[in-house]
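Student: okay, sequence plus prediction incoming.
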Amino acid sequence: MAATRRLVNTVAVITINHPPVNALSSSVRHALVEEFGKASKDPTVEAIVLNGSNGKFSAGADIREFGTSAIKTVSLEDINGTIEASQKPVVAAIEGIALGGGLELALACHYRVADIQSRVGLPEVLIGILPAAGGTQRLPRLIGIPAALDVIVRGRHIPATEALNLGIVDEVVQGSAVDAAIQLAQKVIGLPLNKRRLSTLRISSNLNMEDFLDTTVEKTKKQFRGAQAPMACIEAVRASVLLPYHRGVEKERQLFLSLWATGQPQAQQYAFFSEREAAKWSHPSGARWYSEEPKLVRTAAVIGLGTMGRGIVISLSKANIPVIAIEQDAYQLEMGKKAVNSLLEREAEKLKQQGFSPGSKLASVHFTLAFGELQDVDLVIEAVYENMELKKEIFRKLSSVCKSNAFLCTNTSGLNIDEIASVTDRPNQVIGTHFFSPANIMKLLEVVRGQQTSLTTIATAMNLGKILGKVTVLVGNCPLFVGNRMLGPYLEQASYLLEEGCYPETVDRAMEEFGFAMGPFRMMDLAGLDVGWRSRTEKGLTGANVPQGTPARKRLGNRYSPLADLLCESGRFGQKTGKGWYQYEKPGGRTARPDPWVKDFLQKYRKTHQIKQQPSNQEQIVERCVYALANEGFRILEDGIASCPEDIDVIYNNGYGWPKYRGGPMYYASFVGLPKVFNTLEKYYKANADVPSMKPAFLLKKLAAVGGPPIKEWRLQVGKPVNKL
Ligand SMILES: CC/C=C\CC(=O)SCCNC(=O)CCNC(=O)[C@H](O)C(C)(C)COP(=O)(O)OP(=O)(O)OC[C@H]1O[C@@H](n2cnc3c(N)ncnc32)[C@H](O)[C@@H]1OP(=O)(O)O
């Protein structure tokens, strides 16, 4: 039964029953109509309580129904209208979550009681749509325009205590929300309900509403560049100010349909489900996420308290895993300790505001210089800087100090996991955990399996990612893994564009207007240009080891751009030195300004090398950079490094600032059409045979030849994720 009804004295308790998250699919909506109908008619029922089974009110509309005929059956807004109009008081008992349509349903009830652990919100914007069951009209009437806009446009999950302060819920309880709701329902029997019907309320505000909304539009346009849903949310809320309720709801509906026509909701919903699929990892042996038991991680250690290590320590503590944090000397330890403690204080403050005692949520962190203290930890994450010899030295030590069943993780962004594992006494328990900076904030975790990594180790690392609240993707071991490997051809194209007449700001603007959080040159400046320079020097691509007589713009017969090397040779390492592809207000400054020095440098460079100026337009810039990125993605699939295109998209959406409303680079390639991507790359490669990264990948060619099937059918062509490198 999608909803059940029981009677407690004169209160009918209607329970949504649709595991796992009580999504309001067609069957639930029909069941709600039926049970409300019966409760309304039943003369023994004086009040109604609505809750969800298994401690979850509801995660909202069933996202899988969008775009199908199921969504067209009885509408949630009609149900909400019926509930609100009920002559008997209806109380929502919110446990766990009331999200999207779930909260809209609760807003149609006359009262809302929430348990202290619950979260409410209207996160539709995160899947490319807007609340379309009256939420954009009822919420502003309840909590006012500014607060409602914040909730709807950002789509964040609001903890119960904050929801109480905002006025979204009427009561927050420590114990059972259902019991409290029944008590409240009994108390309000017979009281007038008019003021509890949100659709009938008038919006009160002293603000100059039109100005306020216009300013919000401008701010939102900048903040969510290119995303349509946030703008539609504002327009729907504007309608709540200007129009009577029923016309506001019509506007909400129209906006929903226009959003659907943009294609953005489909991309964002693909991204939503891809994230969930990524957790369901598979292994070339045929093992899957459900066939392997992860080991419990009760205690952990982090080696290195630089930016990465600090973020990892915070993540572990927030997940209630006690941490031992190690540094190499007293000074570094003290610096790390100060930074970690100050971040933990901020977390504790947030918890206090939510009504929790920080001690019950944040695990302890113990700082030490002594490796010997690691003998009992279940798992270690090494987070020192990228140097193979240093990492090996640490893993040798760990191998001798840690208990035999401890897991050893390395936070490398591209070094060989097998080589690191080879110095230990337990290569099967060594795994890569590639966090993204700042590690306590960024959602992505690339888990890298080495050749000998055991299934238990994989299951444990994947489960740890989940516990830390990360979007965790399992990938194979190859230089730079998935995300960073794809950056290579992308950044290469960006540099070639400069050689050919573009400027950093032109390329960055094009990519940012496409939707990237940051263009390639701003990104390089942020990461530090010296990092890549060091690696190219080690590979003999630049510096003293380049063979004499090598042309400046060729390496091993292929095109090479020395621009970044030249910048580094001038001491321009990016933000940290106050100069890179841009100039900054000071070393460590954040505001990038085009630098006349760079312009002059590029002009001289082009003249010296007699490069014909043919600056690309915005569309060409995007095509070259994005197709180069996706092409490498196809190679990664061919090589068996990623299991499926969805995993690659999850990595880009969550770790590289790719605009989620474009689904990810592989989804985008599929959206544009694989034959078009193939032909464009082929044309470029034919004219530039010295740029092998632009040679269309074999898999792309194969898929394009059959007309570019939908992305979920690519798996058939990809096969098992066996590392072929
Ligand atoms: C007419 C329009 C009216 C209203 C519009 C809407 O209501 S749109 C929907 C708005 N709601 C959301 O966006 C919530 C989406 N869900 C989540 O954020 C999380 O799933 C949630 C609820 C916080 C639970 O997180 P948790 O980590 O505990 O579980 P997980 O994410 O793995 O989800 C478990 C399985 O449930 C599926 N699922 C979740 N939400 C929905 C949903 N709204 N519709 C359909 N399916 C949903 C999810 O895919 C998982 O499925 P599985 O097959 O097990 O992978």
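Tutor: Arrived safely. Not measured: the values here are computed from a predicted model.
Student: hey, let's count contacts and neighbours off CA atoms from now on
Tutor: OK.
Student: run through the residues of the stretch 201-350 of the chain sitting next to the ligand.
Tutor: Counting by CA under 6 Å from any ligand atom, the stretch 201-350 of the chain comes close to the ligand at 273, 276.
Student: residue 464 versus residue 706, what's the distance?
Tutor: Going from residue 706 to residue 464 by CA to CA, to the nearest Å gives 40 Å.
Student: gap between the closest residue to the ligand within the stretch 251-400 of the chain and residue 585?
Tutor: In the stretch 251-400 of the chain, the residue that lies nearest the ligand is residue 276 (5.0 Å; CA to the nearest ligand atom). Residue 276 is 42 Å from residue 585, where distance means CA to CA.
Student: check residue 475 too.
Tutor: In this view, residue 475 and residue 585 are 39 Å apart by CA to CA.
Student: swap in residue 138?
Tutor: In terms of CA to CA, residue 138 sits 46 Å off from residue 585.
Student: ditto for residue 345
Tutor: 30 Å.
Student: in stretch 296-307, what's buried?
Tutor: Buried residues in stretch 296-307, defined by neighbour count with 16 or more other CA atoms under 10 Å: 297, 299-307.
Student: any chance of the residues you listed in TSV, plus pLDDT, secondary structure and distance to residue 572?
Tutor: Putting the buried residues of stretch 296-307 into TSV (pLDDT from 0 to 100; DSSP: H, G, I helix; E, B strand; the rest coil; distance: CA to CA, whole Å) gives the following:
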residue	pLDDT	secondary structure	distance to residue 572
297	98	coil	43
299	98	coil	42
300	98	strand	38
301	98	strand	36
302	98	strand	32
303	98	strand	30
304	97	coil	27
305	97	coil	26
306	94	coil	22
307	92	helix	22
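Student: tell me the buried residues in the helix or strand of the chain at the bottom of the mean pLDDT ranking?
Tutor: Least confident helix or strand, the chain: helix 714-718 with a mean of 80, by mean pLDDT, DSSP states H and E. For helix 714-718, a neighbour-count test (16+ other CA under 10 Å) marks 714, 718 as buried.
Student: quick one: distance of it to the chain centre.
Tutor: Taking CA atoms, centre = their mean, to the nearest Å, one finds the center of helix 714-718 at 25 Å from the center of the full chain.
Student: kindly report the same for stretch 568-576.
Tutor: Stretch 568-576 has its C-alpha centroid displaced from the chain centroid by 31 Å (CA atoms, centre = their mean).
Student: wait, doesn't residue 697 sit right on residue 631?
Tutor: Yes: counting by CA atoms under 8 Å, residue 697 does reach residue 631; the two are 6.0 Å apart.
Student: so these two - more neighbours on which side?
Tutor: Ranked by neighbour count (other CA atoms under 10 Å), residue 697 and residue 631 place residue 631 first, with 27 against 21.
Student: residues in contact with residue 108?
Tutor: Residue 108 makes contact with 80-81, 83-84, 138, 197-198 under the criterion CA atoms under 8 Å, 6 or more residues apart in numbering.
Student: out of the residues you listed, who's nearest the ligand?
Tutor: residue 80 (10.8 Å).
Student: send me the helix or strand where that closest one lies as PDB with only the CA atoms.
Tutor: Element membership for residue 80 (DSSP states H and E) is helix 76-85. What follows is helix 76-85, C-alpha atoms only, in PDB (Å, rounded to 0.1, in the frame of the first residue of the first chain):
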ATOM      1  CA  LEU A  76       0.200  17.000  -6.300                       C
ATOM      2  CA  GLU A  77      -1.000  20.600  -6.400                       C
ATOM      3  CA  ASP A  78      -4.600  19.300  -6.500                       C
ATOM      4  CA  ILE A  79      -3.900  17.100  -3.500                       C
ATOM      5  CA  ASN A  80      -2.400  20.000  -1.700                       C
ATOM      6  CA  GLY A  81      -5.500  22.100  -2.500                       C
ATOM      7  CA  THR A  82      -7.700  19.400  -1.100                       C
ATOM      8  CA  ILE A  83      -5.700  19.100   2.100                       C
ATOM      9  CA  GLU A  84      -5.600  22.800   2.700                       C
ATOM     10  CA  ALA A  85      -9.300  23.100   2.200                       C
END
